[in-house]
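In: make a model of this:
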Amino acid sequence: MNGPEFGAPTGGVPAQRGQRLVASFPTYVDAQRLVDEMSDQGFPVEHLRIIGDGVRTVEQVTGRMTKGRAALVGAGAGAWFGLFIGLLFGLFAVGPAWLWVLLVSVAVGALWGAIFGFVAHWATRGQRDFSSVHTLQAERYDVYVDASHAGEAERFRQEANL
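Out: Numbering: from 1, shown residues only. Prediction:
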C-alpha cells in the first residue's frame, strides 16, 4: 500500500466525527478491493466509507454532433420507446395483429424520435456541436471506519496485505 499509516490524517476530506482512516488508494478499484477483502473475511463493512478526495469532472468528447446524427440518435431512442408502447398495446391485440401493432409502434416512435432529435439539435444553433460523456474522477480514495471498529479494521487490513 502506498498510503499513510492507519489512522493518520491525510489533509483532504475530513472524516466524520468518530471515524478513522484505514487506507488510501490511487484508484477506486483498489479501495473497493480492500472493502471486498474485508467483507470476505467477515468484517462488518457497513461501518466503512470510501471517500474520493480531489474530485474533478472530466468530459470526454466522443464525436461531432450534426443534425443528421441527432436525428439518428433520436430515432433510436424513439424506436425503443415505440417498442415498449407496442408491447403494452400488443397485449390487448387478438391473433397476429399484435405483430403489426408492435411494428407500427416502433416505426412511429422512430419517426417522432428523429423529428424531436433534429429539432432539439437545430434549436441549439450550433452552440454544442459535439457529443460527450461526463465522469467524476478523484485524486485518491480513502477508506474510513467507525472508531468503534478501528482496531478490528487495522487487523483485517494487515491480514489482507493491502
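In: just name the shakiest helix or strand of the protein by mean pLDDT.
Out: Every helix and strand of the chain was ranked by mean pLDDT, DSSP states H and E. The lowest is helix 150-160, at a mean of 81.
In: I'd like the next helix or strand past whatever helix or strand residue 102 lives in.
Out: Taking DSSP states H and E as the definition, residue 102 sits inside helix 97-123. Downstream of helix 97-123, the first helix or strand assigned by DSSP H and E is strand 130-137.
In: sheet partners, orientation included, of that next one?
Out: If you go by DSSP bridges, strand 130-137 pairs up with strand 56-64 (antiparallel).
In: distance from the strand it pairs with to the middle of the chain?
Out: Using Cα atoms, centre = their mean, to the nearest Å, the mean C-alpha position of strand 56-64 is found 15 Å from that of the whole chain.
In: same deal with stretch 39-54?
Out: Worked out by Cα atoms, centre = their mean, stretch 39-54 lies 19 Å from the chain centre.
In: picking that back up, can you pull the buried residues of the least confident helix or strand of the chain?
Out: For helix 150-160, the neighbour count (16 or more other Cβ atoms under 10 Å) marks 150, 153-154, 156-157, 160 as buried. (Each C-beta comes from the backbone N, C-alpha and C, glycine too.)
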